[in-house]
Structure formats: structure tokens, C-alpha cells
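S.K.: the amino acid sequence is not available; the structure is as follows:
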């Protein structure tokens, strides 16, 4: 593998990983708050992409970058206030099932409004140029913009949570809701806001991810399971763990695509070019498997291996 | 027929007879159904409903009985189907004669072994981690299946001819009715075994693990082992259902074990009702029929499906079976007469709200996805148009009015029931 491929894969892996973290951070915050993984989180991401597409057609990309996440955030807050809070009495199972239902209905509603085919959501003109050149190949400015946005939001979120009074109240509400409520803070409002902000973060990821990943009704279903892998591998409820796991999965997926190697090549090195015919069709299947084909499987494999050897996740506190 | 019955006194001759009654009724229904609906398409609908009913029953071992939410149960449906498919293909190749009706036993056994392995991985914890792990396992199997085209086929799947194994039991398995017989018998076997299982000590332990896993650990049982066994048993029955689906359609594709199947079984079981043994069967029948008939008349059937699910989750966690049981309890209580006017009004408000929602959804689909078909549309016999404001307002008024009228009516019903029960005790 050349230095060029490694550099580009590192860049793209970081980018994809940071985008995943934008989603995973909201999911983790909501999980530590309610003890429920929000199944509809990837659907909020998809809503962000569609809202971003629709709003940027009218007022341009940069206003859409603000407006679409706000809309998604409001929608998320409404879902929490009038849906999740009501099913809370049926326990975590009821809450999880409710978010599954919401994800199902959002996917249908998006097909109802925008149809089943992909949207023509393009990189905005203002960012459609080459940022810099390495090894004679240009790196698009929009990707750099995505990277900067993700890092900025990550930094902002970290500062908000660790350095401000608001962050203090949120963190305290997660661990000691009764005490915080005794001190005169409106804990249900805090919960609703955290849910809204988490959804808005997913919305931001949707707006900036929409032009790169294709904006289509199946994008939530494609990304959702990967998000859960990240949250579980990182350790349920841990932001740092989610950060590490996001980058890990980002790198795995970009490098797997970049590596042009198959099982046949490995055997080719020791002089065997044909699979032994006697071993049957299954072996010849394995023979033709390439690294890029295994790419989509690796995150799930990582999940299973993790659960066997370290069930609490990378930075989890409890098993 | 509650799953969580703990008080099972020694059955006398009389109670044994009443306990057998539902089974006699089910057997009679299974015999009568193909005589009533003898057309080929109706029989294949029945076949589909039968496989789905078995599948949903197996899922309820996890969801209702053990309180485990599996997001990857479709995997075992698919794997069982593929095991059965390859068993048939290999035996037909080798010229072995094997009765076709016993093929699901092979699929079920294979799924049982895989279920033990999957259960070992997934059952360390219940609740949220369990759901995530089963989701991960299902995605892993689904993604890995693409790497092995010789087992799982490529896009078009693996097909076979069910008549290749030859005739047995006086049937040659060409006509759909023969498959109906196989599915009906397997339905009785699976339902019987699962019902019996829910009454065994292990079955009661699964309920205990659902209610308080920690306490079970203190009593010296391993909650993990109980979960694992429940998982394996559910997997085995799902494998039987998958094999029957393979026999019915003579083809297995990778999509059969994808996320859509996993989600379908969850929706069917939960909508049907997880708290009653035959709730999942009810769910499978209602959702199966919705899938077949509603998809013909409306493009929005998936939307109705999702909204029904949210409704059940928010309002009636006992599912359709719960509503049915409430109705029966109401009839027995002898106070129907006093409640009837109010119940009628509530039903009316509900029907109006439902009509409004249907109008809005159908109009939205016509305005969005199906815009090419023109603005004119007939909903519930009413000629409407996406271009006219009246149509939209009608939908909004019906939906909003029905929902708003519902609340005071429900409050009044509560007050009435309260005063009725007071009157009884006085």
C-alpha cells in the first residue's frame, strides 16, 4: 500500500469517524439520560439530510445548516414530550419499541413525501473546490469543511458539558434527577432539551453528510446498526468510548475499501493460484473473498468479539 | 390463557376437559378452513399465515415469556429455511428417499444448534444489551451471507423442487393443499410444544427471569442459562417456520433473514399481544392479511402498519388479544347495558378519528409518492382531490375532532366504571 493511499484513507477515515461520532454522541447522551437507546436516531439523521436538501434549495446551504438541525431538534423534543414520556410507565421495553415504531413511520413518511429514489443533494457551490493537493490528487474542500464542523461541534459539546453551569445541571440530572429537581431545576425540561439537542446533532450530521452519503430513504437503515455497534463497543453511556469507537469503525471501513487484496492473493504469494477443486464450492467462495467485501462485516465481528472478551465495552463502567 | 399463570392446581377430569377444548377447536378450524376457502390463492394465503403464526409464537417465547427483546429473530427463520433447502437439494442429488413433511425437523434442529451458540453469545444480560447484541449478530450473519454465494445463492436466492423427494404419506406435494396439511400439522405440534413448555418448570423460570432476574440468581439459578435455553428453543421453532416457508415458496433468499423479517416478527407479535399465549397468532393473522389485502388497495399500508404499532405501544400494551380479552370480560361483567351508550360514543369518536387519519394519509400519498396518478382519489367511498382545500380540511376536522372528543368520553367511562364497581361492593 502506497503512502498516497494511506494518507487519503487516514483523512477519509477520520472524516467518516467524526461524522459517526456526531451521531453517536447524541445517542450516548440520550442513553445515559433515559437508559434507552433511541432507535430512531438514524432516522433523525435522515430527516436532517432531507430537510437540509429542501431548505438549501430555497435559502441556500448555510442557512439550511442552521435551520434544518433546529427543525429536527424541535421534532425530537416533541417526540420526547408527547411520545416517550407517555410510554415511560411501560418501562424500557416500551420506550425502545416506541422508538422502533417512530423510525418505521419516519422512513415511510419520507418515502411518502420525497419518493423512493435518491435526492439530487449536491455539494454547495461555495465549497465545491479543491482545498489542497497531496500526491497530485486534490482533496475536496467540502470534506475538509465536514471535518472542521465535526471537530468544532465535538469541542463545543465537550466544553459545554465540562465547563459551564448548563453542563453541570445536565450531568447532575443524568445521575441524580431527584436531587436536581429538589434544587429547583425543571428536570423533565432538561430531559426534553437533551433529547432535542441530541436529535439536532443528528440533524447537523444529516445536513453535512447528505451530499456525500446518498440522500435516500434507506440511509437510516444502513447507518443505524453501525451506530449501535459504536455505542456498544465504546461502552454504553461513555462519550469518550463512543469517540474512540467511531474513529475505529471509520478507519476500518475506509481502509477495507482501500486495500485491494483477496484470499486468492495471499495464497498466490506461496505459489498456489487455484483453489483445490476437491474441497468444493464453499472453499472457492472463501477463495474469492476480498478485503473490501469483508469491510461491512468487520464492525459486527468487532461487536461480537468485544462482547465475548470485554462485555462492558472499551470504556464502559459496568458489564 | 395467560402466559404468566403460576397457580396451576392439580387438574381434575373436568378442568382437563376444558383445557383441551381450545385445542379441539383449533384442530377443527384447521380442518374446516381449506374446505371453506378452497381456491388455490386462498390456500397459499393460509399457508403464509400458518408459517407466520408459528414464527410469531416462537418469538413470544423471548418477548412475552422471558421479557427479551430480540432484534435478530429473523436470522433463525432464514437459517432454518436455508438448512431445509440444502437438505432437500442434497438428498435429491444423492437419491435418498426422505419424507418431505419431516424436512422442517431438520431445519428446526439446525436452528436449535445455532440458537445455542447465538444464545451463549447474547444471553449474558437481558434488556438493552441483549437487544443490541441480537441486532449485531443478525447484521453479522446477513452481511457475511453475501460472502458465500454457494450457500446463500446470489441475488436470486436458492430454489428447489419440493416434489424431488418423491411422494410419502399418500401425497406428492405438488398441490398447495398438500403443503397446507404439512403446515397445519406443524402448527399444532409447535403450538402444543410451546404451550407445554410454558407450563414446565423451565417455562416458569423464564417468567421469573423476566420479572426479576437478580432474585433468580440469588435463588441459585443461572439467569443466563435460562435465557440461553429460551433463545435456543425460540430459534428452533423459528427454524421450523423458515423451513415451512421454504417448502411453501420453493425458494429461499438472503432477504428472508434480513432486518425486514426481524422487524416483521416483532411487529406481529407485539401487535397481537405478548401477554396471552395465542396473541401472537392473532397478530400474525391480522398483519399477514393486512400485508396481503391492504397492500392491494392502498400504497400506504406500511404506514398504517407502523401507526398501528405505535398505537398499541402507547395505548394498549396488551395488544389486540388484550382488547379481545377486555371485551370478553366486559360481556361477562353484566354491566354492558349501563356502559353501552358511552362505549358506542367512544367507538364512534374512534371511527371518525380513524377515518380522518386515513383520509389525510391517502391524500398525502397521492400528493407525494403517487402524484403522477393525478389529484383525484376515492377514499372510503368519498371522491376527494389533493388540489381541493375541502378534502384536506375534512380529513383534519375528522381526525382532530375524533381525538378531542375522545378524552372527555374516556374520562366519563372511567367515572361510570368506578361508580359501577362501588355499587357492586356496597
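M.R.: Done, it's in. Just so it is clear, the model here is predicted, and its values are computed rather than measured.
S.K.: can you tell me if the strand or helix carrying residue A:105 touches chain B.
M.R.: Using DSSP states H and E, residue A:105 sits within helix A:91-114. Yes. Using Cβ under 8 Å from any Cβ of the partner chain, a contact is recorded between helix A:91-114 and chain B, made by A:92-94, A:96-98, A:100-102, A:104-105, A:108-109, A:111-114. For the C-beta atoms, the positions are set from N, CA and C on the backbone; glycine is no exception.
S.K.: got the buried residues for that helix?
M.R.: A:92-112, A:114 (16 or more other Cβ atoms under 10 Å in any protein chain shown).
S.K.: where's residue B:105 relative to residue B:86, distance?
M.R.: 15 Å (Cβ to Cβ, to the nearest Å).
S.K.: contact partners for residue B:172?
M.R.: By Cβ atoms under 8 Å, 6 or more residues apart in numbering or on different chains, the residues touching residue B:172 are B:163, B:166, B:178.
S.K.: ok, the first one touching residue B:173?
M.R.: Yes. Using Cβ atoms under 8 Å, residue B:163 and residue B:173 qualify as a contacting pair, with a distance of 5.6 Å.
S.K.: more crowded one of these two?
M.R.: Taking neighbours as other Cβ atoms under 10 Å in any protein chain shown, residue B:163 and residue B:173 compare with residue B:173 leading, 23 against 14.
S.K.: wait, what's in contact with that one?
M.R.: B:100, B:162-163, B:165, B:167, B:179, B:182, B:247.
S.K.: repeat the analysis, applying 7 Å as the threshold.
M.R.: Residues near residue B:173 by Cβ atoms under 7 Å, 6 or more residues apart in numbering or on different chains: B:100, B:162-163, B:179.
S.K.: near chain A, which residues of chain B are found?
M.R.: Within chain B, the positions near chain A by Cβ under 7 Å from any Cβ of the partner chain are B:69, B:121, B:124, B:127-128, B:131-133, B:135-137, B:139-140, B:143-144, B:147-151, B:259, B:270, B:302-303, B:306-307, B:309-310, B:313-314, B:317, B:364-365, B:368-369.
S.K.: repeat the analysis, applying 6 Å as the threshold.
M.R.: For chain B, the contact set with chain A under Cβ under 6 Å from any Cβ of the partner chain comprises B:69, B:124, B:132-133, B:135-136, B:139-140, B:143-144, B:147-148, B:150, B:302-303, B:306, B:309-310, B:313-314, B:317, B:364-365, B:368-369.
S.K.: write the ChimeraX selection for whichever of those are buried.
M.R.: To isolate the buried ones among the residues of chain B next to chain A in ChimeraX, judged by 16+ other Cβ under 10 Å, type:
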select /B:69,124,132,133,135,136,139,140,143,144,147,302,303,306,309,310,313,314,317,364,365,368,369
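S.K.: which of the residues of chain B next to chain A fall in helices?
M.R.: Using DSSP state H, the subset of the residues of chain B next to chain A located in helices is B:132-133, B:135-136, B:139-140, B:143-144, B:150, B:302-303, B:306, B:309-310, B:313-314, B:364-365.
S.K.: among the contacts of residue B:173, which two are most distant?
M.R.: Using Cβ to Cβ, the pair of the contacts of residue B:173 lying farthest apart is B:163 and B:179, separated by 11.1 Å.
S.K.: may I ask which helix or strand encompasses residue 191?
M.R.: Just going to use chain A. Secondary structure (DSSP H and E) places residue A:191 in helix A:187-209.
S.K.: should've been chain B
M.R.: Element membership for residue B:191, per DSSP H and E: helix B:176-199.
S.K.: relative to residue B:390, which of the contacts of residue B:172 is nearest.
M.R.: Nearest member of the contacts of residue B:172 to residue B:390, counting by Cβ to Cβ, is residue B:178, at 54.2 Å.
S.K.: wait, a helix at residue A:133?
M.R.: No. Assessed with DSSP: H, G, I helix; E, B strand; the rest coil, residue A:133 is strand; it does not lie in a helix.
S.K.: tell me the pLDDT at it?
M.R.: As predicted, residue A:133 sits at a pLDDT of 72.
S.K.: number of residues surrounding it?
M.R.: Number of residues near residue A:133 (other Cβ under 10 Å) recorded here: 9.
S.K.: skipping adjacent residues, who's closest to it in space?
M.R.: The spatially closest residue to residue A:133, leaving aside those adjacent along the chain, is residue A:139, at 7.3 Å (Cβ to Cβ, 6 or more residues apart in numbering or on different chains).
S.K.: which outside residues touch the helix or strand just after the helix holding residue B:191?
M.R.: Using DSSP H and E, the helix or strand that follows helix B:176-199 towards the C-terminus is helix B:201-211. Applying Cβ atoms under 6 Å, 6 or more residues apart in numbering or on different chains, the contact partners of helix B:201-211 are B:4, B:65-67, B:197, B:216, B:223, B:226, B:230.
S.K.: follow-up on the earlier one: angle of the helix holding residue A:105 against helix B:301-315?
M.R.: Put simply, helix A:91-114 runs at 150 degrees to helix B:301-315, going by axes from the mean of the first three to the mean of the last three Cα atoms, to 10 degrees.
S.K.: show residues contacting helix A:91-114.
M.R.: A:35-36, A:38-40, A:43, A:83-84, A:87, A:217, B:69, B:302-303, B:306, B:309-310, B:313, B:364-365, B:368-369.
S.K.: any idea how far that helix is from the chain center?
M.R.: When C-alpha coordinates are averaged (Cα atoms, centre = their mean, to the nearest Å), helix A:91-114 and its chain have centres 18 Å apart.
S.K.: over to stretch A:119-133?
M.R.: With Cα atoms, centre = their mean as the basis, stretch A:119-133 stands 22 Å off its chain's centre.
S.K.: tally of neighbours for the closest residue to residue A:60 other than its chain neighbours?
M.R.: Nearest in space to residue A:60, with sequence neighbours left out and distances taken as Cβ to Cβ, 6+ apart, is residue A:124 at 7.3 Å. Residues contacting residue A:124 under the criterion other Cβ under 10 Å number 16.
S.K.: may I have the phi/psi pair for residue A:124?
M.R.: phi -60, psi 150 (degrees, to the nearest 10).
S.K.: what do you get for residue B:221?
M.R.: Taking degrees, to the nearest 10 as the convention, residue B:221 sits at phi -90, psi 160.
S.K.: show me what contacts it?
M.R.: With contacts defined as Cβ under 6 Å, 6+ apart, residue B:221 has no neighbours.
S.K.: same thing with residue B:183?
M.R.: By Cβ under 6 Å, 6+ apart, the contact set of residue B:183 is B:47, B:50, B:244.
S.K.: mind listing which of those are in helices?
M.R.: Filtering these for helices - DSSP H - leaves B:47, B:50, B:244.
S.K.: now the buried members of those residues.
M.R.: B:47, B:50, B:244.
S.K.: which residues does residue A:188 contact?
M.R.: Under the criterion of Cβ under 6 Å, 6+ apart, residue A:188 has no neighbours.
S.K.: just the strands in chain A please.
M.R.: Remark: strands assigned in chain A by DSSP state E are A:130-134, A:137-140.
S.K.: residue A:49: which of the ones you listed is closest?
M.R.: Residue A:49 lies closest to strand A:137-140 among the strands of chain A, at 18.2 Å (Cβ to Cβ).
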